[in-house]
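Engineer: output the structure for:
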Amino acid sequence: MIPKVLIIATSRKTRGGITSVVKAHEQGEQWKKYHCRWIETHRDDAVWRKIVYPIRALIEYVFLLPFCRIVHIHLSEPVSAIRKIPFLLLARLFRKKTIIHFHAFSPDTTIHGKYWKIYRFLFRRADKVIVLSQLWEKYVNEAFHLGGKVQVIYNPCTVEILPQKYSKQKQILYAGTVNARKGYADMIKAFALIAPKYPDWSIVFAGNGEVENGKVLARELGIERQTAFLGWVSGSEKDKVFKEASIFCLPSYAEGFPMAVLDAWSYGLPVITTPVGGIPDVAEDGKNMLLFTPGDVQALARLFEWMIEDIQMRQRIAGESVRLAATTFNQDVINRQIGELYKNL
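Structural biologist: This next block holds a predicted model:
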């Protein structure tokens with residue numbers, strides 16, 4: 001069947017937010033209605049595969065482009081943006097409607113950085129620019145004055161929840177790449193301040209990255225036995241980890257809209273996080289999540305203690321997580337918004 005919409009994004013085998021978002025879009029009615037075709041431009045793998053993927057994608061794209069109506073391009077940091085330039089230029093050459101779906105986590109490395117001209121080039125030539133939050137809408141319009149061309153569409157919560165049941169454990173979960181931007185070290189330091197008071201509680205890290213550095217830090221702070229690093233988890237293993245956790249924490253310094261928080265809401269976990277990226281759009285501190293300033297280890301330790309001690313508050317915030325997953329960030333709601341955008345174009 002000839003596709004009406006070509007989706008230009010990373011491989012479905014790549015770990016990360018863009019792949020998760022496109023997989024969620026793939027479940028929507030709009031995907032079937034517009035016969036969407038996912039063209040995979042990049043994969044985290046051996047060097048030869050990184051070279052082959054974009055070449056193969058471009059060949060497939062050139063073959064299908066004359067027959068489609070819309071090109072929906074997902075991109076984030078500068079390497080991703082540069083990789084998408086030929087796709088946009090070809091779409092313009094064939095007079096196709098184009099959407100840029102912007103997933104970046106930091107304006108300083110993208111639209112305010114040395115690559116800002118690349119983003120200006122892409123955004124000004126697109127018919128629509130999707131951003132992940134009101135804050136990012138402000139960033140993009142201040143940088144490029146695109147007006148009504150910019151539209152906020154949130155990332156959706158996952159619906160990939162399996163039927164198996166697991167008992168809750170006294171665990172605080174972190175999910176995502178283990179790196180400095182996401183503040184994993186702050187979480188270890190904060191928990192170390194209260195760990196002796198709560199010897200039956202532990203922190204669990206689900207994600208790849210600076211795992212060995214994290215283990216060293218936990219050992220230096222004397223909480224090695226209360227800290228677990230699981231590596232990257234998916235499928236039934238991810239499902240088990242989220243269902244066993246009692247609290248979720250993402251102490252990030254910069255985000256677009258964190259998929260890990262969306263996952264936590266899907267599983268009804270009470271969330272402790274920072275007011276970055278799209279979080280301020282919906283955050284009500286003390287009501288639907290607990291917030292602290294990025295890097296404030298002392299404040300995070302106090303929030304850990306409060307969440308551990310106050311079970312009623314924990315349950316109340318967990319209920320708000322369920323509500324957010326069922327309403328604003330519901331996958332069907334988001335997919336309908338994507339469908340309306342396709343229809344309007």
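Engineer: what ranges does this structure have for its helices?
Structural biologist: Assigned by DSSP state H, the chain shows helices spanning 17-25, 29-33, 47-64, 78-93, 116-125, 134-144, 184-194, 211-220, 235-244, 259-266, 297-309, 311-326, 331-344.
Engineer: as CSV, could you dump the C-alpha coordinates of the second one?
Structural biologist: Read that as helix 29-33. Backbone C-alpha positions of helix 29-33 (Å, rounded to 0.1, in the frame of the first residue of the first chain) are rendered in CSV as follows:
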residue,chain,number,x,y,z
GLU,A,29,-5.5,5.0,14.1
GLN,A,30,-3.8,7.8,12.2
TRP,A,31,-0.9,5.4,11.3
LYS,A,32,-3.3,3.1,9.5
LYS,A,33,-5.5,5.8,8.0
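Engineer: pLDDT of that helix, averaged?
Structural biologist: Across helix 29-33, pLDDT averages out at 96.
Engineer: of the helices of the chain, flag the one that's most buried.
Structural biologist: Of the helices of the chain, the one with the most neighbours on average (mean count of other Cβ atoms under 10 Å) is helix 259-266, at a mean of 26. Yep, even glycine has a C-beta here, placed from its N, CA and C like the rest.
Engineer: least confident of the helices of the chain, on average?
Structural biologist: Of all the helices of the chain, helix 47-64 has the smallest average pLDDT, which comes to a mean of 84.
Engineer: can you list the residues that contact it?
Structural biologist: Helix 47-64 has contacts (Cβ atoms under 8 Å, 6 or more residues apart in numbering) with 2-3, 6, 8, 11, 37, 39-43, 83, 86-87, 90.
Engineer: PyMOL command for the buried members of the residues you listed?
Structural biologist: Buried residues among those (16 or more other Cβ atoms under 10 Å), as a PyMOL selection:
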select buried, resi 3+6+8+11+37+39+40+41+42+43+83+87
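Engineer: which of the contacts of helix 47-64 has the weakest pLDDT?
Structural biologist: Scoring the contacts of helix 47-64 by pLDDT puts Arg43 last, at 74.
Engineer: that residue touches Lys13, doesn't it?
Structural biologist: Yes - counting by Cβ atoms under 8 Å, Lys13 is a contact partner of Arg43 at 5.9 Å.
Engineer: about what we covered before: would CSV of the helices of the chain with distance to Gly277 be doable?
Structural biologist: Shown next, in CSV, are the helices of the chain (distance: least, Cβ to Cβ, whole Å):
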stretch, distance to Gly277
helix 17-25, 11
helix 29-33, 25
helix 47-64, 27
helix 78-93, 17
helix 116-125, 17
helix 134-144, 7
helix 184-194, 17
helix 211-220, 23
helix 235-244, 21
helix 259-266, 9
helix 297-309, 18
helix 311-326, 15
helix 331-344, 16
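Engineer: pop the domain breakdown of this structure in here.
Structural biologist: 5-153+330-344, 171-326 (automatic domain parsing).
Engineer: between the two ends of the longest one, how far is it?
Structural biologist: From the first residue to the last, domain 5-153+330-344 extends over 13 Å; the measure is Cα to Cα, to the nearest Å.
Engineer: for Ala190, see how far away the closest residue to Thr19 other than its chain neighbours is.
Structural biologist: Using Cβ to Cβ, 6 or more residues apart in numbering and skipping residues adjacent in sequence, the residue nearest Thr19 is Thr10, 5.4 Å away. Plainly put, Thr10 is 33 Å away from Ala190 if you go by Cβ to Cβ, to the nearest Å.
Engineer: please apply the same query to Ile39.
Structural biologist: Counting by Cβ to Cβ - Ile39 and Ala190 are separated by 43 Å.
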